[in-house]
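Visitor: got a predicted structure plus its sequence, pasted below:
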Amino acid sequence: MNFLFTQCAAILFDAAPSLEALEKALEDWTIAGPQAAAPGEDGWLTSGPGFVLELASGGSVVVDVVGRPWPDVPGAPPSGVLEAWREGLFGPSASPGALARAREQSWSWEGGAAAADRHRAFVRLRTWVALDEGGALPKAHDPVYELRTLVNLAGDLLGLPGAVAFFLPGGEALRSREQVEEARRRKVGLSRPPLELWTNARAMGLGEQGGRRWVLVDVVGLAQLRLPDQEALFAEGTEDAGAVAQLLHNACLHLLGGKRVAPGAAADDARGRRWRASTATGLLAPGRPVVRWLPESATPPDDAVLAALAKRRQG
């Protein structure tokens, strides 16, 4: 049977927990059977020892224990690790360097970087879905349900001794037990989805180009929901980064509501300043499709500046 890993999350630990401890923490879930560790020196890339949970939706979650740090080495990963990333074994929308970028951009959790530094093992949670005869996802596939499920599983596991952080590689998001618990307390259907757990808001100075210093604010992680990420680019000192971040958040909710942001669409930020949307490839890693917002009330970067900034980030 052909299947696809559709989402991935990890609980970072200071030491690998036992399978017995995991099963006890997840006693309210249905364990369908064991998951054997894959053979070979690099077998952990495919699966460590664990078990499979059966979901009410008909899908499943593979839970496995990896007794080593998250594979996030600087520079180009070893060939076996890189191939595992390409095969989606750490999430189909995740990419190498996700944890490093999450550490650097952990604005919503002051202790996120230090917690990630303490980890020496992780428990991986991966949803998987059987593909139809044409090799496509079933029409009823629901990524929102899957991400909510991973958050609920994470909440049960973060209470174990040695658990230090919740990490969503596709969203490059490091979150604390308290942040996960706050999201779990919301009632499904009566509150907004916890995008602050599933995605990460980032900000970075891009340096000087064309006689101005440029700043980028973006959101990474919407690919988990089969949606484009969001980014805004502006000259330093001309815009308020907090107001821009709210614009991007509102755009994310707009997309999650089943609407689209067409090229040329306009929207106001929290200060009432107008921005115009276009489609582009993200300036920050990972390279992916984004909706790019540029200010109407200030001179936007021209094509030459955008090309130079893109080349600089890739280098």
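Guide: Looks like it arrived, so ask away. Please read all numbers here as calculations on a predicted model, not as lab measurements.
Visitor: got the CA positions of the helix or strand harbouring Arg126 in CSV?
Guide: Take DSSP states H and E as the rule and Arg126 turns out to sit in strand 121-130. Provided in CSV are the C-alpha atoms of strand 121-130 (Å, rounded to 0.1, in the frame of the first residue of the first chain):
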residue,chain,number,x,y,z
ALA,A,121,17.1,13.1,21.8
PHE,A,122,13.7,13.5,20.3
VAL,A,123,10.4,11.7,19.9
ARG,A,124,9.1,12.1,16.4
LEU,A,125,5.4,12.2,15.6
ARG,A,126,4.4,11.6,12.0
THR,A,127,0.9,11.4,10.5
TRP,A,128,0.6,9.2,7.5
VAL,A,129,-2.2,8.7,5.0
ALA,A,130,-2.8,5.9,2.4
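Visitor: mind listing what it pairs with, with the direction of each?
Guide: Using DSSP bridges, strand 121-130 pairs in its sheet with strand 3-13 (antiparallel), strand 60-66 (antiparallel).
Visitor: kindly check the end-to-end length of stretch 194-203 for me.
Guide: 20 Å (C-alpha to C-alpha, to the nearest Å).
Visitor: low pLDDT regions in this structure?
Guide: Residues of the chain that meet the criterion pLDDT under 70 lie in 1, 73-77, 187-191, 312-315.
Visitor: and it, what are its domains?
Guide: 3-193, 199-314 (automatic domain parsing).
Visitor: okay if I get those as TSV plus mean neighbour count?
Guide: For the C-beta atoms, the positions are set from N, CA and C on the backbone; glycine is no exception. As requested, the domains of the chain are exported to TSV (neighbours: other C-beta atoms under 10 Å):
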stretch	mean neighbour count
domain 3-193	17
domain 199-314	17
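Visitor: out of the strands paired with strand 121-130, nearest to Phe51?
Guide: Counting by C-beta to C-beta, Phe51 lies closest to strand 60-66 out of those; the figure is 5.7 Å.
Visitor: and for the closest one, what's in contact with it?
Guide: Outside strand 60-66, the residues that touch it by C-beta atoms under 8 Å, 6 or more residues apart in numbering are 5, 16-17, 19, 22, 26, 32, 35, 37, 44, 47-55, 121-128, 149-150, 153.
Visitor: quick check: Phe234 touching Ala298?
Guide: Yes - assessed by C-beta atoms under 8 Å, Phe234 is found in contact with Ala298 at 6.7 Å.
Visitor: residue ranges for the helices of the stretch 51-200 of the chain, please.
Guide: Counting by DSSP state H, counting those that start in this stretch, one finds helices in the stretch 51-200 of the chain at the ranges 79-86, 98-104, 112-118, 143-157, 177-184, 195-198.
Visitor: any idea of the angle the fourth one forms with strand 60-66?
Guide: Calculated by axes from the mean of the first three to the mean of the last three C-alpha atoms, to 10 degrees, helix 143-157 forms an angle of 40 degrees with strand 60-66.
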